[in-house]
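# Sequence and predicted structure, then a few things I'm wondering about:
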Amino acid sequence: MELQDKKVLVVGSGKSGIGASRLLGKKGALPVLFDSNEKLDKKELMEKTGDIPGLTLWVGTLPEEVKRDISLVVISPGVPADAPFLDEYRDRNIPVWGEIELAYAFAKGKIAAITGTNGKTTTTALTGQILSAYYSSVYVVGNIGNPYTDIALDTGKESMTAAEISSFQLETIHSFRPDVSAVLNITPDHLNRHHTMECYVKTKERIAENQTGEDVCVLNYEDPYTRDFGKRCPAKVLYFSSGRELKEGIYLSGEEIYLAEYSPGDERNVRRLMNIHDMRLVGMCNVENVMAAIAICHALKVPMDIILETIRVFAPVEHRIEFVDTKGGVDYYNDSKGTNPDAAIQGIRAMTKPTVLLGGGYDKGSRYDEWIEAFEGKVKALVLTGQTQEAIAKCARAHGISNIILEDTFEEAFQACVEQAKEGDAVLLSPACASWGMFPNYEVRGKVFKELVRKMS
């Protein structure tokens, strides 16, 4: 699309919106940055945007005369694609894009796009580190915290980009076509946004909708949704499995990871890659993340010895089953990124000691039965706070959990965990809920938890 001197409406003034506006300004467009939150300080927001050519900023209400001149709308991930105000633009055949689609229109080189309910951040970070060990021009972007639009114009034909892509971002793609895509898993999440599980699954599958047989899609064979998607995926499918030997793909057998693939002469070759204890990541969820990263980077022609050496030294991602410290003989783990029950299941499964579990937060309409069933005698005390505490407590009692403590604030909940934990135990922050309402995001929640641990005597 030719954008020179065209007015482009950018909805949302966070990182994504500012990144999109900056790219548009560099390409000669006239970005109109709009945020409906009338409480925002317009002067402070202008300082955040910096010197973006042609930018105008509107807060609260967008004038009708501005709406009439818009040629393209770019929405931030936090803006639902079915928001009613977007209908007036679609009715006028004005395209509605997301930040990912905008960046892709100008980016060069190859891209590995990674989605899934859980494990995206770890897999994307690991993929980026592996690619950086072999290629000279590598970018790690997307939902991991670095807007794709910020680096799109810096990429060249030899560049490699690893992108964490959320379901919110997949709602607004059109031509986006990664060279390698990956769907790690699909479990119920964000149903307050996607409304039904069917819609959520279809949105995740969109990551591969523009791929062809020349591209690769990495899928989890042990997830029923992704296994089923493999039957109709337009790309060449490369499976990974933690539960069985695959005729072709990456799989776990005992404590060893193997690669099975066919030679041009149709001969099946099996190669042992590594023992799972040779890496610093812990938990079966991370074994699956590692297998996915191996598959992605193998598809992008990274030599296997470089892949494996990078995995051996890769440190856990912050806020994902992250060891914080040992205080008074108690190990403290920060799993603030466990923002839904399935992610939190992986957190508790990684624990090897009696655990005091700190949970609760914003209500996304989740069910907690499977999470609580995964406690399997490991959880000696369940400390809850936030909007969901009563619902989780009710569910826990129905499953026979009796040592449940409810606290009004996060700090009080942390102190209750300290009081419940004894030498030889672990305290795990793995909320199974989003942080909204108490914290702006899971990163802030995790940092507060770590600071509380560090302040202990």
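Looks like it arrived, so ask away.
# Leaving out chain neighbours, which residue sits closest to residue 11?
Distances taken as C-beta to C-beta, 6 or more residues apart in numbering put residue 75 closest to residue 11, at 4.6 Å, once the chain neighbours are dropped. Where C-beta positions appear, they are placed from N, C-alpha and C, glycine not excepted.
# ah, wrong one, I meant residue 171
residue 81 (3.9 Å).
# What is the neighbour count of the one you found?
15 (other C-beta atoms under 10 Å).
# Kindly report the same for residue 244.
A count of nearby residues for residue 244, using other C-beta under 10 Å, gives 10.
# Tell me which residues are up against the helix or strand in which residue 151 is found.
For residue 151, the host element (DSSP states H and E) is helix 148-151. Helix 148-151 is contacted from outside by 16, 19-20, 22-23, 99-100, 102-104, 107, 139, 141-142, 161, 163, using C-beta atoms under 8 Å, 6 or more residues apart in numbering.
# Can I get the buried part of the residues you listed as one ChimeraX selection?
Restricted to buried positions by 16 or more other C-beta atoms under 10 Å, the ChimeraX selection for these reads:
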select :16,19,20,22,23,99,100,102,103,104,107,139,141,142,161,163
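# out of the contacts of helix 148-151, which one sits closest to residue 203?
In terms of C-beta to C-beta, no member of the contacts of helix 148-151 lies closer to residue 203 than residue 100, at 12.8 Å.
# Specify the local secondary structure of that closest one.
Under DSSP: H, G, I helix; E, B strand; the rest coil, residue 100 falls in the helix class.
# thinking it is in contact with residue 161, fair?
No. Between residue 100 and residue 161 there is no contact under C-beta atoms under 8 Å: 11.1 Å.
# domain assignment for the chain?
Annotated domains of the chain cover 7-94, 101-313, 322-454 [automatic domain parsing].
# can those domains go into JSON lines with extra columns for mean pLDDT?
As requested, the domains of the chain are exported to JSON lines (pLDDT from 0 to 100):
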{"stretch": "domain 7-94", "mean pLDDT": "91"}
{"stretch": "domain 101-313", "mean pLDDT": "93"}
{"stretch": "domain 322-454", "mean pLDDT": "94"}
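# What residues does residue 441 make contact with?
By C-beta under 8 Å, 6+ apart, the residues touching residue 441 are residue 435.
# if we go to 10 Å?
Listed by C-beta atoms under 10 Å, 6 or more residues apart in numbering, the contact set of residue 441 reads 145, 319, 336-337, 339, 434-435, 447.
# Repeat that for residue 390.
Listed by C-beta under 10 Å, 6+ apart, the contact set of residue 390 reads 360, 384, 406.
# same thing with residue 90?
Counted by C-beta under 10 Å, 6+ apart, residue 90 has contacts 73, 96.
# Likewise for residue 408?
Counting by C-beta under 10 Å, 6+ apart, residue 408 has contacts 385-386, 389.
# May I ask which of these has the most neighbours?
The most crowded member of the contacts of residue 408, judged by other C-beta under 10 Å, is residue 386 (27 neighbours).
# give the contact list for that one.
Residue 386 makes contact with 359-363, 392, 406-410, 413, 431, 433-439, 445, according to C-beta under 10 Å, 6+ apart.
# what about 7 Å?
360-362, 433, 437-438 (C-beta atoms under 7 Å, 6 or more residues apart in numbering).
# How about the backbone phi and psi for it?
phi 90, psi -180 (degrees, to the nearest 10).
# Would you mind measuring from it to residue 363?
8 Å (C-beta to C-beta, to the nearest Å).
# Also residue 101?
As defined by C-beta to C-beta, residue 101 lies at a distance of 31 Å from residue 363.
# Looking at the two, which has the bigger crowd around it?
Taking other C-beta under 10 Å, residue 101 and residue 363 do not tie; residue 101 has more neighbours (20 against 16).
# separation between that one and residue 289?
Taking C-beta to C-beta, one finds residue 101 at 26 Å from residue 289.
# repeat for residue 95
Taking C-beta to C-beta as the measure, residue 95 falls 35 Å from residue 289.
# neighbour count winner among these two?
residue 289 (30 against 15).
# That one is in what secondary structure piece?
Per DSSP H and E, residue 289 falls inside helix 284-299.
# Mind giving me the packing neighbours of that helix?
The contact analysis (3 or more C-beta pairs under 7 Å, 6 or more residues apart in numbering; DSSP states H and E) places helix 284-299 against helix 120-132, strand 180-183, strand 216-220, strand 236-241, strand 249-253, helix 304-313.
# possible to save these as a markdown table with distance to residue 347 and mean neighbour count?
As requested, these are exported to a markdown table (distance: least, C-beta to C-beta, whole Å; neighbours: other C-beta atoms under 10 Å):
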| stretch | distance to residue 347 | mean neighbour count |
| --- | --- | --- |
| helix 120-132 | 12 | 25 |
| strand 180-183 | 21 | 29 |
| strand 216-220 | 18 | 27 |
| strand 236-241 | 21 | 21 |
| strand 249-253 | 20 | 21 |
| helix 304-313 | 21 | 16 |
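# how about the ones you listed in a markdown table, adding distance to residue 452?
Formatted as a markdown table, the helices and strands packed on helix 284-299 follow (distance: least, C-beta to C-beta, whole Å):
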| stretch | distance to residue 452 |
| --- | --- |
| helix 120-132 | 23 |
| strand 180-183 | 35 |
| strand 216-220 | 35 |
| strand 236-241 | 37 |
| strand 249-253 | 36 |
| helix 304-313 | 29 |
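# Residue 291 - nearest residue in space that isn't next to it in sequence?
Leaving aside its sequence neighbours, residue 291 is closest to residue 240 (3.9 Å, by C-beta to C-beta, 6+ apart).
# can you pull the contacts of the one you found?
Residues in contact with residue 240 (C-beta under 7 Å, 6+ apart) are 218, 220-221, 249-251, 288, 291-292, 295.
# Which of those residues sits closest to residue 282?
Among those, residue 288 lies closest to residue 282 (C-beta to C-beta), at 12.5 Å.
# What sits closest to that closest one if chain neighbours are left out?
residue 242 (5.3 Å).
# For residue 73, which three-state class applies?
Following three-state DSSP, the label given to residue 73 is strand.
# Quick check: bridge partners of it?
As for beta bridges, residue 73 partners with residue 9, residue 96 under DSSP bridges.
# From what I see, it and residue 89 are in contact.
Yes. Counting by C-beta atoms under 7 Å, residue 73 touches residue 89, with 5.1 Å between them.
# Compare those two (neighbour count), which wins?
residue 73 (24 against 17).
# what about the more buried one, distance to residue 196?
25 Å.
# For the helix or strand where residue 418 lies, list the C-alpha coordinates in CSV.
Counting by DSSP H and E, the element that carries residue 418 is helix 410-420. Provided in CSV are the C-alpha atoms of helix 410-420 (Å, rounded to 0.1, in the frame of the first residue of the first chain):
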residue,chain,number,x,y,z
PHE,A,410,-0.6,-8.9,47.2
GLU,A,411,1.8,-7.9,50.0
GLU,A,412,-0.4,-9.5,52.6
ALA,A,413,-0.7,-12.7,50.5
PHE,A,414,3.1,-12.8,50.2
GLN,A,415,3.5,-12.5,53.9
ALA,A,416,1.0,-15.3,54.4
CYS,A,417,3.1,-17.5,52.1
VAL,A,418,6.2,-16.7,54.2
GLU,A,419,4.4,-17.7,57.4
GLN,A,420,3.2,-21.0,55.9
